[in-house]
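Enquirer: sharing a model that was predicted from the sequence below.
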Amino acid sequence: MLQSRSFVKKTKQGGVRKIVREHYLRDDIYCGAPFCKVCDVSGAKLSDAPSPLLVVDTNVVLNQIDLLENPAIDDVVVLSVVLQEVNNKNISIYNRLRSLCSNASRKFFVFSNEHHRDTYVKDMAGETPNDRNDRAIRVATRWYQDHLGGAVHVLLLTNDRENKRKAIEEGISAETVESYVKSLGQPELLDLIVQPPSEDVKMEDVEDLRPSKRKVIYTEHKPMSEITSGLLRGIFHQGKLRVNRYNPFEAYVGSESIGDEIIIYGRTNMNRAFDGDVVAVELLPQDQWQGETSIAITNEEDEEEDVHLPPSSADDAPRATNLVQGSTGAANSPPSRPSGRVVGIIKRNWHSYCGSVEPMPMPAGSGGVVHALFVSKDRRIPKIRIQTRQLDNLLDKRIVVAVDKWDVLSRYPSGHYVRTIGVIGDRDTETEVVLLENDVEFKPFSSQVLACLPPLPWSVSSEDLANPIRQDLRHLQVFSVDPPGCKDIDDALHCTALPSGNFEVGVHIADVTNFVHPGTPLDDEASKRGTSVYLVERRIDMLPKPLTEDICSLRADVERLAFSVIWEMTSEADIISTRFTKSVIKSSAALSYVEAQARMDDSRLVDPVTTDLRNMNALAKIMRQKRIDRGALTLASAEVKFQIDTETHDPLDIGMYQIREANQMVEEFMLAANISVAQKILDHFPQCALLRRHPTPTKEMLEPLIRTASAVGLQLDVSSSKALADSLDRAVGSDPYFNKLIRILATRCMSQAVYFCSGELSAPEYYHYGLAAPLYTHFTSPIRRYADVFVHRLLAASLGINRLPDVFQDKAQLTNISDNLNYRHRNAQMASRASVELHTLIYFRNRPTDTEARIVKIRSNGFIVFVPKYGIEGPVCLSKEGGWLVDEQQQRIKKSDNSIYYGVLQTVQIHMEVVEPQPNRPKLQLTLIEDTYMTKK
Amino acid sequence: MEFVNPEGLRLDGRRATEMRQFRAEIGVVSRADGSAVFEMGNTKVIAAVYGPREVQNKSQQINDKAVVRCEYSMANFSTGDRMRKPKGDRRSTEISLVIRQTMEACILTNLMPRSQIDIFVQVLQADGGTRSACINAATLALADAGIPMRDLVTSCSAGYLNSTALLDLNYVEDSAGGPDVTVGFLPKLDKVTLLQMDAKLPQDTFKNVMELAIEGCKAVANYIRDILMENTKRLECRRGV
């Protein structure tokens, strides 16, 4: 049956146009109930005898999605009209609803009521679209009732009073969400319900204690039309709000319209914006830029910095705040950065947050419903008001909470409880929090994904050997060098001396793409995860365990499939020829770095593997030197290693990760392989090669490094990577650690390397600054990085082995994939850092320690120290009463009687102890031990 | 954008391999020798055929076969924004050429030497697939004019969106930027006489999309045959045979 649907639409240019579209009505849309006698039941998803069948309306989905996601709610009919409305209003909820509907274990059925012959409703004259959709929902519910007869009770869930009244008039049973959930008799479900706005007035109890009660705290957001015109006229500036990770009262909005970041001080100016929201900002008059600063500081009372790992790059380092802020000198010069205030929020970035309930006494009475404040683990998020009936249960738990709204009258946003993770302080709970906060997928692999695996036990088959594209390299003496206990071995090496005096050097990488085919659920899952995540005590795999640890892993003494890069090199490490091939190898030894190093060092050993190792090491050293001559930077990071108790999984000891020659040797060949592959794929696919670049840091980014260095009398030349590398080499201070410290400081000034697609940028931008390589990509770890899988496919296609998968034709999709890889990569790093921080905290919980630390930055209220032994960084506060004078310009601190001086990079003794100033937020506190003998000058 | 939802329905409620509703009418322009209106959903095209007749411009005359000329145009009111469409722009010149070549391939031109056949097609309402609709309308008009043809040439388009092959794209789907394969097909001879695509598509996917379009052409052919039979019966009645 044909219906035509016509509507009037305003075009972008402002014209009004009538659009007529066809709308086909069908008779082959089924009800989805398996017991239905009329319909085709092959696609049925509802349960055999649902009790009752729920039909939800749009607002229920939009507000109560957390409730719907709870497994207690099932047998839900989702109407297409509801899906459409949700899609228009909130795409993220739409995606959640869609994944619910496609989840095989949940009984959510999509009924295309808009295309069903009997449930389509025509617009009536004078009816608003909302009313029309409500009517469509009622008609569909009615249809279900009639269609299924008395077999089942059909219930319409709606919180809209008018809709409910009309439904009941029409003989449809309808209920509000709350009354339905109450009837289920599961009180904990009630916490998941978002309170409808009408009951709002009663919810202010928590704030009653505050003097601010019922006062308008925030200014009203400007209406959207005003914002749009303001943006057009240049009064407002649009940008994404980024809250300072180290000071939640300070935020930045990167604005394209003024080409600079606007600083926003204080919650009042942030005006209810969350981190990640797209906001419209109005600049404050210039004379207020200074004034706002002092307000921000008074606000700071209870919030201060935590001890954390040193940032690994400029991207996650605390922002260099305005020099003028709070300092005594140089106050006359105008602040260099504009500050502003938020006038409206263009797009919210609300999601769910992990944290705990702020401890409070159990109030008596009030019908079991308690209002509590939720404190997020992420310091950038303000406290959130929630309502709960299970407060005594939640007080010692980590919970997930979603935000619902934030109105001008309340100091804090209000939200609702989603679920409990576990007991606070428990390692598993806290680890899960780390994973959730960094958006790491850690659920076990689904059965569809596991179905893509080859049957176990797997071994190289005769077909693999007979395959003409696969070269048999089993005769070569191949070995691998990895960290001890490594199970996912994705690279192996060989090195044969040729009669000509040259060497044949091969890098063999696990042939993951032989098992992970594009378009399979396995591939989709891997591309979603992007990377394996390494936490202190566990590993979250990108690929299922059989692939990671067995089939792909190049273990010793078993035949494995590999993708090989084979060079012929002179003894001067000049590459004469490069060859790429798929291969079969048999590793003769899986060495650890320590073992490999020991073999090379032990001059008595002359067995073939050791000889090869020595040859390779000699080559690697030359290659390394060449690379350094080109201007590659040797950067340092303060990686630490935990010794974990095998029984309790508690950390026993922390130590710096030691880097040996063997590590550098393997790294050198991996770099060379990556560069060779990058060249090859770019030659073949100039438009769609996936490469990795490291942007050249700007002058401003290196500014803090130069300032610190000059404070200790060191001149750094940052004009090029070569110049920087040379001046870093020259930076030898009084003690051996000095150079490493400078390198650590240099590392954090750089931005991170990123994946990109070669078609997006022009050739000079492909440059990798840190490695001083014009081209770079990731090829060598396909088991744990998806980028490498991608590059494997490109390389195979360039060799004519495979056809290039379809994604490579789609530029937009390629960009999406590389963006996702960068996002996942970054999250994985953040998660492992957070995991290390967590374990550091657990380690020091019962071990107050005195240790040596280096000052890395002087601030107005003390200094920041870096503890080399444990690889952590944190603030040391010096009280004003102690008589300390700070000179931030000179980066010096001294006692008022001139008896003690502290300068940057100086060694100090500190005391480390875990304290809990705010409940449920334990932190490591560093305090200075004043010992005069160290600092006499 | 989601062009096919997980339930398998397209934006207008069709499934991936369903065509829009056809409607055709013969003899709508009484002055012409043959004429027809052809509708595919909201796309509506009128075609008129004149000839075979004497060649107007003698220099174009071909001694052993007929000259086929084709003019394609779009009515100003055919799209929503009522823009004035300049005549003879690149797009219509190209489509004119495509239609002329397709029709020429099935007309038995050698039976009508030193004559000329004019085909005029005009789009009255555009909603995607105008090229196909024009060819179908022209076929009907030629048949109405009684011009000898090898077979009824029919046309249909198919596209590839959301990793699904879609038959008979409408305007919204057409402007999504995906590949759009237009096929002209001789159903009895089982031959393709027109194949156009302006995008890249991997070979095996292309094969599927093209086969789908051919299926569409066969469906159109069946419909056109029915219409012609009906028309012939009516003419029969009128003559009182």
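Expert: Ah, there it is. Residues are numbered from 1 along each chain as shown, chains lettered A, B, ... in the order given.
Enquirer: how many neighbours does the residue nearest to A:V807 when sequence neighbours are not counted have?
Expert: Ranked by C-beta to C-beta, 6 or more residues apart in numbering or on different chains and with sequence neighbours excluded, the top spatial neighbour of A:V807 is A:Q813, at 5.3 Å. C-betas here are computed from N, CA, C, even on glycine. Residues within reach of A:Q813, counting by other C-beta atoms under 10 Å in any protein chain shown, total 13.
Enquirer: for A:Q813, grab phi and psi.
Expert: phi -70, psi -40 (degrees, to the nearest 10).
Enquirer: confidence score at the spatially most central residue of chain B?
Expert: For chain B, the residue nearest the mean C-alpha position is B:I135 (2.1 Å; C-alpha atoms, centre = their mean). On pLDDT, B:I135 comes in at 96.
Enquirer: alpha carbons of the host helix or strand of it, as CSV, please.
Expert: Assigned by DSSP states H and E, B:I135 belongs to helix B:130-145. Written as CSV, here are the backbone C-alpha positions of helix B:130-145 (Å, rounded to 0.1, in the frame of the first residue of the first chain):
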residue,chain,number,x,y,z
THR,B,130,15.3,9.7,-13.9
ARG,B,131,17.6,8.1,-16.4
SER,B,132,16.0,4.7,-16.1
ALA,B,133,12.5,6.1,-16.1
CYS,B,134,13.3,8.0,-19.3
ILE,B,135,14.5,4.9,-21.1
ASN,B,136,11.4,2.9,-20.0
ALA,B,137,9.1,5.7,-21.1
ALA,B,138,10.9,6.0,-24.5
THR,B,139,10.6,2.2,-25.0
LEU,B,140,6.8,2.5,-24.4
ALA,B,141,6.5,5.4,-26.7
LEU,B,142,8.5,3.8,-29.5
ALA,B,143,6.3,0.7,-29.2
ASP,B,144,3.2,2.9,-29.3
ALA,B,145,4.6,4.6,-32.4
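Enquirer: right, and the helix or strand after that helix?
Expert: strand B:154-161.
Enquirer: so which elements touch that next one?
Expert: helix B:130-145, strand B:164-167, helix B:171-174, strand B:180-186, helix B:203-239 (3 or more C-beta pairs under 8 Å, 6 or more residues apart in numbering or on different chains; DSSP states H and E).
Enquirer: hey, where'd the helices end up in the stretch 201-350 of chain A?
Expert: Under the criterion DSSP state H, counting those that start in this stretch, helices of the stretch 201-350 of chain A are mapped to A:224-233, A:266-270, A:288-299.
Enquirer: worst average pLDDT in the ones you listed?
Expert: Between those, the lowest average pLDDT goes to helix A:288-299, which shows a mean of 46.
Enquirer: one step back: was I right to think the residue nearest to A:V807 contacts A:D819?
Expert: No - in this structure, A:Q813 is not within contact of A:D819 by C-beta atoms under 8 Å, at 10.5 Å.
Enquirer: point out the residues in chain B that sit beside chain A.
Expert: Contact residues (C-beta under 8 Å from any C-beta of the partner chain) of chain B with chain A: B:5-7, B:9, B:11-14, B:20-21, B:41-42, B:80-81, B:127, B:170, B:172, B:200, B:202, B:205.
Enquirer: if we can go back for a sec, what sits against the residue nearest to the centre of chain B?
Expert: For B:I135, the contact set (C-beta atoms under 8 Å, 6 or more residues apart in numbering or on different chains) comprises B:I99, B:T102, B:M103, B:V153, B:T154, B:S155, B:G184, B:L194.
Enquirer: was I right to think the second one contacts B:K191?
Expert: No - shown here, B:T102 and B:K191 do not form a contact pair, counting by C-beta under 8 Å, at 11.7 Å.
Enquirer: quick one: which of these two has more around it?
Expert: B:T102 (24 against 14).
Enquirer: give the contact list for that one.
Expert: B:I135, B:V153, B:S155, B:G184, B:T193, B:L194.
Enquirer: check A:E261 too.
Expert: A:Y252, A:V253, A:G254, A:S255, A:R337.
Enquirer: try A:P34
Expert: Counting by C-beta under 8 Å, 6+ apart, A:P34 touches A:V41, A:A44, A:L46, A:S47, A:D48.
Enquirer: can you list the residues you listed in TSV and add secondary structure and pLDDT?
Expert: Below are the contacts of A:P34 laid out as TSV (DSSP: H, G, I helix; E, B strand; the rest coil; pLDDT from 0 to 100):
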residue	secondary structure	pLDDT
A:V41	coil	78
A:A44	coil	78
A:L46	coil	81
A:S47	coil	79
A:D48	coil	77
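Enquirer: what does B:R31 show for phi and psi?
Expert: phi -70, psi -30.
Enquirer: ok, now how distant is it from chain A?
Expert: 30 Å (C-beta to the nearest C-beta, to the nearest Å).
Enquirer: just for chain B, where's the confidence low?
Expert: B:81-88 (pLDDT under 70).
Enquirer: could you redo the last one with a cut-off of 80?
Expert: Along chain B, the model assigns pLDDT under 80 to residues B:1, B:80-88, B:241.
Enquirer: residues contacting the residue of it found nearest chain A?
Expert: Of all residues in chain B, B:G13 sits closest to chain A, at 3.7 Å by C-beta to the nearest C-beta. With contact set as C-beta under 8 Å, 6+ apart, B:G13 has these partners: A:E22, A:H23, A:Y24, A:L25, A:R26, A:S112, A:E114, A:H115.
Enquirer: and the third one, bridged to which residues?
Expert: With DSSP bridges as the criterion, A:Y24 is bridged to A:L2.
Enquirer: any idea how far the helix or strand hosting A:V914 is from the middle of the chain?
Expert: According to DSSP H and E, A:V914 maps onto strand A:907-915. Relative to its chain's centre, strand A:907-915 lies at 31 Å (C-alpha atoms, centre = their mean, to the nearest Å).
Enquirer: and of the contacts of B:I135, the nearest to A:L395?
Expert: Closest approach between the contacts of B:I135 and A:L395, by C-beta to C-beta: B:S155, at 71.7 Å.
Enquirer: residues near that closest one, how many?
Expert: 29.
Enquirer: likewise the one 4 residues further on?
Expert: When neighbours are defined as other C-beta under 10 Å, B:G159 has 27 of them.
Enquirer: gap between A:L453 and A:L561?
Expert: In this structure, A:L453 and A:L561 are 15 Å apart, going by C-beta to C-beta, to the nearest Å.
Enquirer: rewinding a little: of all pairs in the contacts of A:P34, which one is the farthest apart?
Expert: Spatial extent of the contacts of A:P34 (C-beta to C-beta) is set by the pair A:V41 and A:S47 at 12.5 Å.
Enquirer: measure stretch A:466-485 end to end?
Expert: 34 Å (C-alpha to C-alpha, to the nearest Å).
Enquirer: check which residues of that stretch are buried.
Expert: Judged by neighbour count using 16 or more other C-beta atoms under 10 Å in any protein chain shown, the buried positions of stretch A:466-485 are A:N467, A:R470, A:Q471, A:D472, A:L473, A:L476, A:Q477, A:V478, A:F479, A:S480, A:V481, A:D482.
Enquirer: can you list the residues you listed in a markdown table and add pLDDT, secondary structure and distance to A:F503?
Expert: Listed next are the buried residues of stretch A:466-485 as a markdown table, based on pLDDT from 0 to 100; DSSP: H, G, I helix; E, B strand; the rest coil; distance: C-beta to C-beta, whole Å:
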| residue | pLDDT | secondary structure | distance to A:F503 |
| --- | --- | --- | --- |
| A:N467 | 84 | coil | 28 |
| A:R470 | 88 | strand | 24 |
| A:Q471 | 87 | strand | 19 |
| A:D472 | 88 | strand | 21 |
| A:L473 | 87 | coil | 16 |
| A:L476 | 87 | coil | 13 |
| A:Q477 | 88 | coil | 13 |
| A:V478 | 90 | strand | 14 |
| A:F479 | 89 | strand | 15 |
| A:S480 | 90 | strand | 18 |
| A:V481 | 88 | strand | 17 |
| A:D482 | 87 | strand | 22 |
